[in-house]
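Participant: starting from these lines, generate the structure:
(one chain, ligands or ions: 1)
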Amino acid sequence: MTEKKTKYIVVAGSIMSGLGKGIVTSSIGKILQSKGYKVVPIKFDGYLNVDCGTMNPFRHGEVFVLDDGTEVDMDFGTYERFLNFSISGSSSITGGKLFQKIIEKERNGDFLGRDVQFVPHLTDEIKNRVRAVGKENNADIVMIEVGGTVGDLESGYFLEAMRQFKHEEKEDVLIIQLTYVPSLSPGELKTKPTQHATRLLQSMGIQPDMILCREQEPLNDDAKKKIALYCNVTENAVFDDPTVRTIYELPLTLEKQGIYEVIAEKLNLSKEKTDLTEWRKLVERIVNPKGKTLNVAIVGKYTAVKDAYVSVKEALVHAAAATNNSVEVHWVESHELEKLDDVSKELSKYNAILVPGGFGSRGIEGKILAIEYARKNKIPYLGLCLGLQLMVVEYARNVLGLKDANSTEFNKDTCNPAIMMLPEKKQIVKMGGTLRLGAYDCKLKKGTIAFDAYGKDKISERHRHRYEVNPDYVEQLEKAGLVVSGTHDSGVVELVEWKDSFGVATQAHVELKSRLETPAPLFVEFIKAAAKEKK
Ligand code: GLN
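Facilitator: Okay, the predicted model is just below:
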């Protein structure tokens, strides 16, 4: 069997950050995937963090977790939501990982007395990793997103590696530059920033093959011609990257402009017609929903920083599309609830309540009040990770009557530690006190919301937490009516439910595996329950 020749598409962003490189990368990947190509993404991040585990989500956005437990940045969530498969940690190539490896090799004497340099040692390390990802995934096309902005010191060595990849090593590499074309007034499009940005890229020895322009209005002929002329690309290789109604619409918008034909031409791909029919149907449901508009409250902390909960928000979009409803998300600051004499003033506005994951004690009591309100008023409730822990605490306090029940994360000295860090020998993670990370199997009990949602008794979902339900409380909780619907092989509780109304919570972050084409089952049931309750 001849080995397949993998092709590479590099997406680099110029001028400024926040142009949506991750969405562009995912959209192009989706188009190629719809043609039958095996596509795998890679993200280059120049920062010196080894992974995103130590990054504050309120500064950098959500920490996304892969099946293998690698903690990566939010863009991986976008890749998976579009491409609909589970990516492995090797696709995340960070400055931290590279330098760690290089220094380890140097200490080992692996460089045989040579001085260790950015070129060739670091750039070789990058190229080897990129090739390995292609091979490991048996990919036809590797989509590489270069984090940061062209010109940043931090991403320079990645771009140099890609230059070598294309020119010295004669790999099939297509370079896509994402830029920004502002309009000073309607019709007055400014291409100069794009021209300068391209010159900067050219000064690094890299000529973009295609240019995508974020913009306030569609490029007119004049703007397209100027960009083509001054940036050394053909006119048909300049594309609009407009503001779309939903991010999932971008593959359709790019496809319509003929982006596939241009890529196929440049990379020598087949010329079949792209088939995004199924995707188009789902997008249509998002932009023109037929069912009810459901008001869902996400009760969290620092809810103004929406990037911290992006997977939760997207999972709601997927579930709404699957059930043909529309969801309006309302961000409720949990510590504000604590100040109200009656939370119903705020919470009676919503058709469903969700408590997402979180760390730290701020706003915890407000979240517990929201859960109590949902239970007593039969408002559909979904709890994710911390949302499960607090559902258990609420039940222990208000149904079992253990008034000081708590998680030891918030009160070390509670007499009723319903949630705790399990003692070493009972821990699922064996490293003492570290996070339980990545995918774990869970068995579901028949006749429960969870079992009906998944339609099977064994599931695998991703985790990122330290605390667990204290096994000493499980029997009492069950006797009092709380349903344990899912457990890990060790017996540790993974899912709980209410009996009298729709309420379900999971220790895993099930939102992380929700994708437009395969929405998270618990979110779908949650939205169905909300639609049913709404008169
Ligand atoms: N803080 C809790 C724990 O560490 C919950 C974490 C989470 O919601 N991701 O277990």
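Participant: okay, residue 261 and residue 198: tell me how far apart.
Facilitator: Applying C-beta to C-beta, to the nearest Å, the value for residue 261 to residue 198 is 22 Å. All C-beta spots, glycine's among them, are computed from the backbone N, C-alpha and C.
Participant: packing partners for the least confident helix or strand in the chain by mean pLDDT?
Facilitator: When each helix and strand of the chain is scored by mean pLDDT, DSSP states H and E, helix 57-60 comes last, with a mean of 83. For helix 57-60, there is no helix or strand it packs on, judged by 3 or more C-beta pairs under 8 Å, 6 or more residues apart in numbering; DSSP states H and E.
Participant: mind starting the numbering at 49 from now?
Facilitator: With the count now opening at 49, the last piece we talked about shows up as helix 105-108.
Participant: mind giving me the packing neighbours of the helix or strand following that helix?
Facilitator: Next along the chain after helix 105-108, taking DSSP states H and E as the criterion, comes strand 112-113. Contacts defined by 3+ C-beta pairs under 8 Å, 6+ apart place strand 112-113 against strand 119-120, strand 506-513.
Participant: can you lay out those strands as a markdown table showing mean neighbour count and distance to the ligand?
Facilitator: Listed next are the helices and strands packed on strand 112-113 as a markdown table, based on neighbours: other C-beta atoms under 10 Å; distance: least, C-beta to the nearest ligand atom, whole Å:
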| stretch | mean neighbour count | distance to the ligand |
| --- | --- | --- |
| strand 119-120 | 22 | 11 |
| strand 506-513 | 20 | 3 |
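Participant: just send the ones you listed back as TSV, with mean pLDDT too.
Facilitator: Below are these laid out as TSV (pLDDT from 0 to 100):
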stretch	mean pLDDT
strand 119-120	96
strand 506-513	97
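Participant: and residue 309 and residue 246? Which one has more around it.
Facilitator: The neighbour count for residue 309 versus residue 246, taken as other C-beta atoms under 10 Å, is higher for residue 246 (24 against 14).
Participant: which residues touch the closest residue to that one other than its chain neighbours?
Facilitator: Excluding the flanking residues, the one nearest residue 246 by C-beta to C-beta, 6 or more residues apart in numbering is residue 279, at 4.1 Å. Shown in contact with residue 279 (C-beta atoms under 8 Å, 6 or more residues apart in numbering): 242, 243, 246, 256, 259, 286.
Participant: what pLDDT does the model give the closest residue to residue 166 other than its chain neighbours?
Facilitator: Leaving out its chain neighbours, the residue that sits closest to residue 166 by C-beta to C-beta, 6+ apart is residue 205, at 5.3 Å. Confidence at residue 205, expressed as pLDDT, is 96.
Participant: other SSEs contacting the helix or strand encompassing residue 205?
Facilitator: Per DSSP H and E: residue 205 is located in helix 204-215. Under the contact criterion of 3+ C-beta pairs under 8 Å, 6+ apart, helix 204-215 touches strand 55-61, helix 171-184, strand 189-194, strand 221-229.
Participant: and the helices in the stretch 399-548 of the chain?
Facilitator: Under the criterion DSSP state H, counting those that start in this stretch, the stretch 399-548 of the chain contains helices at 412-424, 434-446, 497-502, 522-527.
Participant: CA atoms of the first one as PDB?
Facilitator: Included here for helix 412-424 are C-alpha records, laid out as PDB according to Å, rounded to 0.1, in the frame of the first residue of the first chain:
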ATOM      1  CA  ILE A 412     -22.200  29.200  45.500                       C
ATOM      2  CA  GLU A 413     -25.200  30.000  47.800                       C
ATOM      3  CA  GLY A 414     -27.000  31.800  45.000                       C
ATOM      4  CA  LYS A 415     -26.600  28.700  42.800                       C
ATOM      5  CA  ILE A 416     -28.100  26.500  45.500                       C
ATOM      6  CA  LEU A 417     -31.000  28.900  45.800                       C
ATOM      7  CA  ALA A 418     -31.600  28.600  42.100                       C
ATOM      8  CA  ILE A 419     -31.600  24.800  42.300                       C
ATOM      9  CA  GLU A 420     -34.000  24.800  45.200                       C
ATOM     10  CA  TYR A 421     -36.300  27.200  43.300                       C
ATOM     11  CA  ALA A 422     -36.200  24.900  40.200                       C
ATOM     12  CA  ARG A 423     -36.900  21.800  42.300                       C
ATOM     13  CA  LYS A 424     -39.800  23.300  44.200                       C
END
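Participant: now for it, which elements pack on it?
Facilitator: With contacts defined as 3+ C-beta pairs under 8 Å, 6+ apart, helix 412-424 has these neighbours: strand 341-348, helix 382-385, helix 392-395, strand 400-403, strand 429-432, helix 434-446.
Participant: quick check: which of these is nearest to the ligand?
Facilitator: Closest approach to the ligand among the helices and strands packed on helix 412-424 (C-beta to the nearest ligand atom): helix 434-446, 3.5 Å.
Participant: then the closest one to PDB, C-alphas only?
Facilitator: Taking Å, rounded to 0.1, in the frame of the first residue of the first chain, the C-alpha atoms of helix 434-446 are listed here in PDB:
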ATOM      1  CA  LEU A 434     -20.400  21.900  40.000                       C
ATOM      2  CA  GLY A 435     -24.100  21.900  39.000                       C
ATOM      3  CA  LEU A 436     -24.300  18.300  40.100                       C
ATOM      4  CA  GLN A 437     -22.400  18.800  43.300                       C
ATOM      5  CA  LEU A 438     -24.700  21.700  44.300                       C
ATOM      6  CA  MET A 439     -27.800  19.700  43.400                       C
ATOM      7  CA  VAL A 440     -26.700  17.100  45.900                       C
ATOM      8  CA  VAL A 441     -25.900  19.700  48.500                       C
ATOM      9  CA  GLU A 442     -29.300  21.300  48.000                       C
ATOM     10  CA  TYR A 443     -31.000  17.900  48.400                       C
ATOM     11  CA  ALA A 444     -29.000  17.100  51.500                       C
ATOM     12  CA  ARG A 445     -29.900  20.400  53.100                       C
ATOM     13  CA  ASN A 446     -33.500  20.800  52.200                       C
END
